[in-house]
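Student: Got a predicted model here, sequence first, then my questions.
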Amino acid sequence: MTRMFTAWFVPLQGAMSPLGNPLFLMLIIFGVFYLIVIRPARKTQQNTETMRDQLKNGDHVLTSGGIYGTVVGVTDDQIQVRVADSVKIQFAKSAITQLVEEPSKRS
(Lines give C-alpha, C1' and ligand atoms only; values in the text may rest on other atoms or scores of the structure.)
Protein backbone atom coordinates (compact mmCIF):
# COMPACT_ATOMS: atom_id res chain seq x y z
CA MET A 1 0.00 0.00 0.00
CA THR A 2 2.78 2.46 0.85
CA ARG A 3 4.53 1.58 -2.37
CA MET A 4 1.53 2.81 -4.35
CA PHE A 5 1.56 6.25 -2.63
CA THR A 6 5.30 6.76 -2.96
CA ALA A 7 5.07 6.16 -6.69
CA TRP A 8 3.07 9.39 -7.03
CA PHE A 9 5.73 11.50 -5.35
CA VAL A 10 8.86 10.02 -6.91
CA PRO A 11 9.62 11.49 -10.34
CA LEU A 12 10.14 9.18 -13.24
CA GLN A 13 13.76 8.34 -13.91
CA GLY A 14 13.27 8.13 -17.67
CA ALA A 15 13.94 10.80 -20.24
CA MET A 16 11.95 14.01 -19.82
CA SER A 17 10.91 16.25 -22.66
CA PRO A 18 12.67 19.66 -22.80
CA LEU A 19 9.33 21.39 -22.28
CA GLY A 20 9.04 19.72 -18.89
CA ASN A 21 12.02 21.67 -17.57
CA PRO A 22 10.78 24.80 -15.71
CA LEU A 23 13.93 26.78 -16.53
CA PHE A 24 13.45 26.12 -20.24
CA LEU A 25 9.82 27.23 -20.04
CA MET A 26 10.83 30.44 -18.27
CA LEU A 27 13.38 31.18 -21.02
CA ILE A 28 10.74 30.65 -23.70
CA ILE A 29 8.27 32.93 -21.89
CA PHE A 30 10.92 35.63 -21.44
CA GLY A 31 11.90 35.37 -25.12
CA VAL A 32 8.31 35.79 -26.28
CA PHE A 33 7.79 38.67 -23.82
CA TYR A 34 10.95 40.34 -25.16
CA LEU A 35 9.81 40.02 -28.77
CA ILE A 36 6.27 41.22 -28.12
CA VAL A 37 6.77 43.96 -25.51
CA ILE A 38 10.35 45.09 -24.87
CA ARG A 39 11.76 45.24 -28.40
CA PRO A 40 8.95 47.34 -29.94
CA ALA A 41 8.93 49.71 -26.96
CA ARG A 42 12.68 50.20 -27.25
CA LYS A 43 12.36 50.88 -30.99
CA THR A 44 9.60 53.45 -30.38
CA GLN A 45 11.67 55.16 -27.68
CA GLN A 46 14.69 55.31 -29.98
CA ASN A 47 12.59 56.83 -32.80
CA THR A 48 11.19 59.46 -30.41
CA GLU A 49 14.68 60.38 -29.20
CA THR A 50 15.87 60.70 -32.80
CA MET A 51 12.90 62.95 -33.61
CA ARG A 52 13.65 65.18 -30.60
CA ASP A 53 17.32 65.47 -31.57
CA GLN A 54 16.38 66.54 -35.11
CA LEU A 55 13.90 69.27 -34.13
CA LYS A 56 14.54 72.60 -35.82
CA ASN A 57 12.96 76.03 -36.05
CA GLY A 58 9.65 75.98 -37.90
CA ASP A 59 8.65 72.43 -36.96
CA HIS A 60 5.08 72.00 -35.75
CA VAL A 61 4.97 69.89 -32.59
CA LEU A 62 2.59 68.47 -30.00
CA THR A 63 3.63 68.48 -26.34
CA SER A 64 2.78 65.90 -23.70
CA GLY A 65 0.33 68.44 -22.23
CA GLY A 66 -1.62 68.61 -25.49
CA ILE A 67 -0.32 72.00 -26.63
CA TYR A 68 0.27 72.50 -30.34
CA GLY A 69 2.90 74.99 -31.41
CA THR A 70 5.78 75.91 -33.67
CA VAL A 71 9.40 75.54 -32.63
CA VAL A 72 11.19 78.89 -32.54
CA GLY A 73 14.25 78.02 -30.50
CA VAL A 74 16.23 74.86 -29.73
CA THR A 75 18.98 74.26 -27.15
CA ASP A 76 20.48 71.02 -25.84
CA ASP A 77 17.70 70.24 -23.37
CA GLN A 78 15.04 72.92 -23.92
CA ILE A 79 12.78 74.02 -26.75
CA GLN A 80 10.95 77.30 -27.15
CA VAL A 81 7.53 76.87 -28.77
CA ARG A 82 5.29 79.64 -30.15
CA VAL A 83 1.67 78.76 -29.33
CA ALA A 84 0.06 82.05 -30.42
CA ASP A 85 1.13 85.43 -31.75
CA SER A 86 3.81 86.77 -29.40
CA VAL A 87 3.25 83.89 -26.92
CA LYS A 88 6.29 81.66 -26.50
CA ILE A 89 6.62 78.85 -23.97
CA GLN A 90 9.80 77.12 -22.87
CA PHE A 91 9.59 73.29 -22.72
CA ALA A 92 11.96 70.48 -21.87
CA LYS A 93 12.78 68.41 -24.95
CA SER A 94 11.23 65.40 -23.27
CA ALA A 95 7.84 67.16 -23.29
CA ILE A 96 7.67 67.02 -27.10
CA THR A 97 5.78 63.88 -28.08
CA GLN A 98 5.45 64.15 -31.84
CA LEU A 99 5.80 66.21 -34.97
CA VAL A 100 2.50 67.20 -36.55
CA GLU A 101 1.45 68.49 -39.95
CA GLU A 102 1.28 72.19 -40.51
CA PRO A 103 -2.03 73.64 -39.29
CA SER A 104 -2.99 74.66 -42.84
CA LYS A 105 -2.62 71.04 -44.05
CA ARG A 106 -4.75 69.58 -41.25
CA SER A 107 -8.44 69.15 -42.02
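Tutor: Thanks, I have the structure now. Residues are numbered from 1 along each chain as shown.
Student: Now do stretch 94-107, average pLDDT.
Tutor: Stretch 94-107 carries an average pLDDT of 79.
Student: Helices of this structure, start to end?
Tutor: For the chain, applying DSSP state H gives helices covering 2-9, 22-33, 39-53.
Student: just flag whichever of the ones you listed has the lowest average confidence.
Tutor: Lowest mean pLDDT of the helices of the chain: helix 2-9, a mean of 55.
Student: picking up where we left off before, switch the helices of the chain over to CSV, and while doing so, append distance to Thr75 to every line.
Tutor: All C-beta spots, glycine's among them, are computed from the backbone N, C-alpha and C. What follows is the helices of the chain, written out as CSV (distance: least, CB to CB, whole Å):
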stretch, distance to Thr75
helix 2-9, 69
helix 22-33, 38
helix 39-53, 12
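Student: Could you measure from the residue nearest the centre of the chain over to Ala95?
Tutor: Ranked by distance to the mean C-alpha position of the chain (CA atoms, centre = their mean), the top residue is Ala41 at 2.9 Å. From Ala41 across to Ala95, the span is 19 Å (CB to CB, to the nearest Å).
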